[in-house]
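Visitor: I would like the atomic coordinates for the input below:
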Amino acid sequence: MVQKYPLPKNIRLPKHVVIIPDGNRRWARSQGKPTFFGHQKGFDVATQVLRAGRQMGIHTMTIWAFSTGNWDRSKTEISYLMRLYASLIDTNLKEAIKDKVRIIHLGRKDRIPKYLLKKITDAEDKTKNFTNNILNIALDHGGHDDIIRNLDANPPSQFTEESITQLLDTRDQPNPKPDLIIRTSGEQRTSGILTWQAEQSEMYWLNNHFPDFTPEQLAFALIDYSRRRRRFGGNDKELHLKFNPKKVARAELEFYQSHHRHQTEKMIKSFIKLNKDLYQLKSTSAKQIVKPFLQAIKGHDTRNKKLYLQGMKKVYSIIQRDTGFSFDPDWVANLDIKGYILHDQLEDEPDKYQLTNHFTELIAEIFRINRFQAQQAAYYKTLAFTYHDLAEKPNIPTKQEDYWWSKTLQALETSYTHLKDKVA
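Guide: Below you'll find the model as predicted:
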């Protein structure tokens, strides 16, 4: 059964994803279980995640099963792992034949057990003509070994990037260079995976140990990758925004204040100004968003989620059309509505961590930056909402209200300053 995973419509998928499955032993020890239990769980997760990656549309998946440095482990553990890898080959071969996936071994063949080598060569032979997808199993693989071993065996007549690429274990693959490398367990190093091929790879670090890695987390990583502005030393294709953080912050503050005071005409003017300044919208487009925006405001004020969602989808469609940003308007509108629901839930809570996480996701999706780049803007956006809520408390003295509005403005200015630093 093919399972569908939620992804934005306009997502730019990587063609080649590498997974470094770290943390099996630590996961087991943290649960008071033998390390073998962690390896078994990791094996089950690997099978599930590799399948999910194909279903999400990734052409080439590489799983790093065993490195050239892993021979330093105990003989008992190595023996157990080799039997697990034999089972991994068997399981994936059945699916590979069914789904026309080519299995390729990356690494040395002279040190692994003969029974495992037989399974590997058999899987490679049976799937050698398949082209739908590629599954690379990196077993006794090291990036330096890949280069030295292959260049020593077949030294090129001329040393060029292409001649070396065509000698390595990934030779003749349509996508030998990984677009994205995912490593679990909080480790932030590549450990030499595909050293030559990974020159321009994007990195994604995950705190979870590999046995806790899920297809949903893989989808999350793919979404983050799709927002990254890959320049390869040149220029990216996204719009570089030229907004003035102070002007945008002032327009947003005026929008909040006029909405709170039920000044509809002023609220519309400030909303138009906010969107024109922030997204560099054409005047006609800025006026076109008014009608769906008022629909969304009505939905917000009456707690009619469907009405709010319909309005915001239209608003974001116009913004997307003018900016050319590759976000999915429906996806952003759904994030938006989740944000206001979350805001209502956390309004009186001192801990706004969830709201900051949400703003990080929303800002990253709209402005096509990764989550790490969006975090500072999101933190100050959350702070602005906190001050905004305090300013709108009923029956507070005017002096106190003015103070909280001034704090709201300061937080918005800081948020937009951090955002501009990433998108200018």
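Visitor: can we go C-alpha only for contacts and neighbour counts from here?
Guide: Noted.
Visitor: is the residue nearest the centre of the chain in a helix, a strand, or coil?
Guide: The residue lying closest to the centre of the chain (C-alpha atoms, centre = their mean) is residue 224, at 2.2 Å. Here residue 224 is recorded as helix under DSSP: H, G, I helix; E, B strand; the rest coil.
Visitor: ok, and the closest non-adjacent residue to it?
Guide: In space, residue 224 comes closest to residue 370 once its chain neighbours are excluded; the distance is 5.6 Å by C-alpha to C-alpha, 6 or more residues apart in numbering.
Visitor: what is the burial count for that neighbour?
Guide: Other residues near residue 370 come to 22 when the count uses other C-alpha atoms under 10 Å.
Visitor: what of residue 87?
Guide: Per other C-alpha under 10 Å, the neighbour tally for residue 87 reads 15.
Visitor: cool, and residue 399?
Guide: Neighbour count for residue 399, taken as other C-alpha under 10 Å: 9.
Visitor: wait, a helix at it?
Guide: Yes. Judged by three-state DSSP, residue 399 forms part of a helix.
Visitor: dihedrals phi and psi, residue 57?
Guide: With angles defined as degrees, to the nearest 10, residue 57 sits at phi 110, psi 10.
Visitor: now swap in residue 193 and tell me
Guide: According to degrees, to the nearest 10, residue 193 has phi -60, psi 120.
Visitor: so what's the closest residue in space to it that isn't next to it in sequence up against?
Guide: Excluding its sequence neighbours, the residue lying closest to residue 193 (C-alpha to C-alpha, 6+ apart) is residue 143, at 5.1 Å. For residue 143, the contacting residues are 192-196, by C-alpha atoms under 8 Å, 6 or more residues apart in numbering.
Visitor: from these, which shows the smallest pLDDT?
Guide: Within the contacts of residue 143, residue 192 has the lowest pLDDT, namely 93.
Visitor: before we move on, back to that, just the contacts of residue 143: which are in strands?
Guide: Among those, no member is found in strands (DSSP state E).
Visitor: just the buried members of these?
Guide: Listed as buried from these are 193-196; burial here means 16 or more other C-alpha atoms under 10 Å.
Visitor: dump the contacts of residue 143 to a markdown table, plus distance to residue 279.
Guide: Output for the contacts of residue 143, formatted as a markdown table (distance: C-alpha to C-alpha, whole Å):
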| residue | distance to residue 279 |
| --- | --- |
| 192 | 41 |
| 193 | 40 |
| 194 | 40 |
| 195 | 40 |
| 196 | 40 |
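Visitor: and these, which is closest to residue 209?
Guide: The nearest member of the contacts of residue 143 to residue 209, counting by C-alpha to C-alpha, is residue 193 at 18.4 Å.
Visitor: circling back: where does the residue nearest to residue 193 land on pLDDT?
Guide: For residue 143, the model assigns a pLDDT of 97.
Visitor: same deal with residue 279?
Guide: Note for residue 279: predicted pLDDT of 93.
Visitor: and residue 90, how many neighbours?
Guide: 15.
Visitor: where's whatever helix or strand it lives in relative to the chain centroid, distance-wise?
Guide: In the assignment (DSSP states H and E), residue 90 maps to helix 75-99. Put simply, helix 75-99 sits 29 Å off its chain's centre (C-alpha atoms, centre = their mean, to the nearest Å).
Visitor: what's the average pLDDT for that helix?
Guide: Mean per-residue pLDDT for helix 75-99: 94.
Visitor: try stretch 199-214
Guide: 96.
Visitor: now the helices for the stretch 151-300 of the chain?
Guide: With DSSP state H, counting those that start in this stretch as the criterion, the stretch 151-300 of the chain has helices at 161-165, 215-227, 245-260, 264-279, 283-288, 290-301.
Visitor: dump these to TSV, plus distance to residue 383.
Guide: Listed next are those as TSV, based on distance: least, C-alpha to C-alpha, whole Å:
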stretch	distance to residue 383
helix 161-165	49
helix 215-227	24
helix 245-260	13
helix 264-279	19
helix 283-288	27
helix 290-301	21
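Visitor: tell me which of those helices sits nearest to residue 351.
Guide: In terms of C-alpha to C-alpha, the element of the helices of the stretch 151-300 of the chain nearest to residue 351 is helix 245-260, at 22.3 Å.
Visitor: list the buried residues in that closest one.
Guide: So for helix 245-260, counting by 16+ other C-alpha under 10 Å, buried means 245-259.
Visitor: same question, stretch 114-131
Guide: Residues 116-117, 119-120, 123-124, 127 are the ones in stretch 114-131 that count as buried (16+ other C-alpha under 10 Å).
Visitor: please name the residues that touch the nearest residue to residue 278 once chain neighbours are set aside.
Guide: Take residue 278 and drop its neighbours on the chain: the residue closest to it by C-alpha to C-alpha, 6+ apart is residue 243, 5.4 Å away. By C-alpha under 8 Å, 6+ apart, the contact set of residue 243 is 277-280, 420.
Visitor: and if you look at residue 16?
Guide: Contact partners of residue 16, counting by C-alpha under 8 Å, 6+ apart, are 58-62, 175-180.
Visitor: ranges for the strands of the stretch 51-200 of the chain?
Guide: Secondary structure of the stretch 51-200 of the chain, counting by DSSP state E, counting those that start in this stretch: strands at 60-67, 101-106, 133-141, 180-183.
Visitor: just want the angle from the first one to strand 101-106.
Guide: Angle between the axes of strand 60-67 and strand 101-106 is 40 degrees (criterion: axes from the mean of the first three to the mean of the last three C-alpha atoms, to 10 degrees).
Visitor: reformat the strands of the stretch 51-200 of the chain as TSV; add distance to residue 308 and mean neighbour count.
Guide: As requested, the strands of the stretch 51-200 of the chain are exported to TSV (distance: least, C-alpha to C-alpha, whole Å; neighbours: other C-alpha atoms under 10 Å):
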stretch	distance to residue 308	mean neighbour count
strand 60-67	40	22
strand 101-106	44	24
strand 133-141	41	22
strand 180-183	36	22
